[in-house]
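Peer 1: Turn this into a structure:
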Amino acid sequence: EVPSTEFRVPSEDEGGLTDPQLGTRNSELGTVPPEWCHRRLLARIHRLTIEGLRRAIEPVDVSTFWRYLARRQGITGVDKRAGSNGLFEVIAMLQGLDVPAIAWERDVLPARVENYRPEWLDELCLGGEIAWGRLYPPRVDPEKSRPMSGVTRVVPISLFLRGDLPWLDEKMEVPSSEFRVPSGLQLSSSAEDLSALLRTRGAMFLADLLRDSRLLPAHLEDGLGELVSRGLVTADGFAGLRQLLSDANRDSSPRGASRRRPGLLRQRGSIGSAGRWSLWRETSAIEAPSELGTRNSELSRPEVVEQWAWQLLRRWGVMFKDLLARESGAPSWWELLQVYRRLEARGEIRGGRFISGVAGEQFSMSESIRQLRLLRDTEPQGELILLSAADPLNLVGILDDQPRVPSVASHRMVYLDGRCVGTLIADEKWLAPSLKDEFQSLVVELLERGRPGNHSAIRNESATKEHRTTPTRPRATAHTRPRSPQASADG
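Peer 2: A predicted model of the protein is given here:
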């Protein structure tokens, strides 16, 4: 300990403090004298503190992490959200993900919201809280592009908060710039007429579009579907997209009649609840009026990256590089890493090794660490959970050494205590060799008849075994990737 008579205050050039008030606590009362610390010494203390916090964390295995994600996103029964407020929370967690359009209301949202009702999504959309559209359309060569016939059930669509659109759709550098729509995009004549009409007139109802465009109802729907697929058009309500995707309504709608004939009866169209249709991207150098608001030109790149950093933590709880395989619009890991290190230095998040078998730096919130510890110390309950392969929780081949399951809405997968034990790909079933024979029938029944989000519990027994005597048909999928050796997870 250095005596006070020999202590020399370092100068500002040496990294010391020059204002005594910066090191004074309760200076008005005069009870605590000024305290000084060299900048390099303070940085060393802070670095050692962070290293100590990281060493104190005991990682969990991948299956425990997946169980944590299922609870965080509300897949399990006790953690499901309810009502329109719960739906808002789910969308706030999943925004920024492009999911096949048919999978949102058929697979993803019902798996997370108890007794999901489409009216809740319409309420949020028409109230101006939620919007939809294709955030990240693929890059198209204008010289090779061709007009599209219309929207399909598998076209990727995003649901997002309207207030977060400025940073979700911010024009980014590599790699996000490849998702911008080029100005020379080739559209069909119907889509071109509709885009020109919306550009000059602004947002319009469907009846006004039908009257002013002078298109047949079939051509109008095909043109709107093409603009939706290109990521150029959205509507006030989700019912417009729901109508375009509905084969039953499409078959029953009077697609051949161009005008309403004189008569006594008038019928209400189901697509009328979609609200107004509007352009929210540019198809040429001429700027189009957007009902979703103008982009915030003052939003800097660091601000966009920080917004994304918090969004990824909101979605995954623990963030590391491998999870970016599910994020088509997120910044690069190098940019996110700078933000996460800064947030860790501030004490807002924690860094360390939370998941074993995953390479690279990992970052998490303190709440997530507590929940991971609780799940690690809790015996698995034998939960069987059925999900669509288009669900964001399809992490097969990303967190483990199994082959990837394509994110197709018609594919199915079954998880048992955080491990994938069965898949249904193009009518071909695959069962994990570690799955016990007596439980195979339950997995097959879920794959064939279950709905995504269905789960059942197998209690008091272990559903997997170390070896299997009967051979299984190999799974026809893509190449596997090497997996880093797992560290000890349970402590």
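
Peer 1: residue ranges for the helices of the stretch 301-450 of the chain, please.
Peer 2: Read by DSSP state H, counting those that start in this stretch, the stretch 301-450 of the chain holds these helices, from start to end of the chain: 301-316, 333-346, 366-376, 437-449.

Peer 1: Which elements pack onto the first one?
Peer 2: Pointing back at helix 301-316 there. Using 3 or more Cβ pairs under 8 Å, 6 or more residues apart in numbering; DSSP states H and E as the contact test, the elements touching helix 301-316 are helix 83-94, helix 165-168, strand 318-319, helix 333-346. C-betas here are computed from N, CA, C, even on glycine.

Peer 1: which outside residues touch that helix?
Peer 2: Contact partners of helix 301-316, identified using Cβ atoms under 8 Å, 6 or more residues apart in numbering, comprise 69, 73, 92-97, 164, 167, 170, 172-173, 319, 323, 327, 330-331, 335-336, 338-340, 343, 349, 363-365, 392.

Peer 1: mind running it again at 7 Å?
Peer 2: 69, 93-94, 96, 167, 170, 319, 323, 330-331, 335-336, 339-340, 349, 365 (Cβ atoms under 7 Å, 6 or more residues apart in numbering).

Peer 1: Pull the contacting residues for Asp107.
Peer 2: Contacts for Asp107 (Cβ under 7 Å, 6+ apart) come out as 388, 390-391, 409, 452.

Peer 1: that's a helix at it, yeah?
Peer 2: Yes. For Asp107, which was evaluated using DSSP: H, G, I helix; E, B strand; the rest coil, the result is membership in a helix.

Peer 1: a markdown table for the helices and strands packed on helix 301-316, including distance to Phe205?
Peer 2: A markdown table is the format used below for the helices and strands packed on helix 301-316 (distance: least, Cβ to Cβ, whole Å):
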| stretch | distance to Phe205 |
| --- | --- |
| helix 83-94 | 24 |
| helix 165-168 | 22 |
| strand 318-319 | 42 |
| helix 333-346 | 41 |
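
Peer 1: deepest of the ones you listed, which one?
Peer 2: Between the helices and strands packed on helix 301-316, the one whose residues have the most neighbours on average, counting mean count of other Cβ atoms under 10 Å, is strand 318-319 (a mean of 26).

Peer 1: Excluding chain neighbours, what is closest to Val90?
Peer 2: If the residues on either side of it in the chain are set aside, Val90 comes closest to Arg112, at 4.8 Å by Cβ to Cβ, 6 or more residues apart in numbering.

Peer 1: Quickly note the distance from the one you found to Ala390.
Peer 2: Separation of Arg112 from Ala390 (Cβ to Cβ, to the nearest Å): 14 Å.

Peer 1: Also Cys420?
Peer 2: When distances are taken as Cβ to Cβ, Cys420 and Ala390 turn out to be 15 Å apart.

Peer 1: Please tell me how far Asn115 sits from Asp391.
Peer 2: For Asn115, the distance to Asp391 under the criterion Cβ to Cβ works out to 19 Å.

Peer 1: the more surrounded of Cys420 and Ala390?
Peer 2: The neighbour count for Cys420 versus Ala390, taken as other Cβ atoms under 10 Å, is higher for Ala390 (25 against 21).

Peer 1: correct me, but the more buried one touches Pro100?
Peer 2: Yes. When contacts are counted by Cβ atoms under 7 Å, Ala390 is listed as touching Pro100 (4.9 Å).

Peer 1: joint contacts of these two?
Peer 2: Shared contacts of Ala390 and Pro100 (Cβ under 7 Å, 6+ apart): Ala409.

Peer 1: residue ranges of the strands in the stretch 151-300 of the chain, please?
Peer 2: For the stretch 151-300 of the chain, applying DSSP state E, counting those that start in this stretch gives strands covering 156-161, 204-205, 233-235, 276-279.

Peer 1: The residue nearest to Gln338 when sequence neighbours are not counted and Gly317, how far apart?
Peer 2: Leaving aside its sequence neighbours, Gln338 sits nearest to Val305 (Cβ to Cβ, 6+ apart; 7.7 Å). Val305 is 19 Å from Gly317, where distance means Cβ to Cβ.

Peer 1: Now do the contacts for Gly418.
Peer 2: 63-64, 66-67.

Peer 1: for Arg139, helix, strand, or coil?
Peer 2: Here Arg139 is coil, with the state taken from three-state DSSP.
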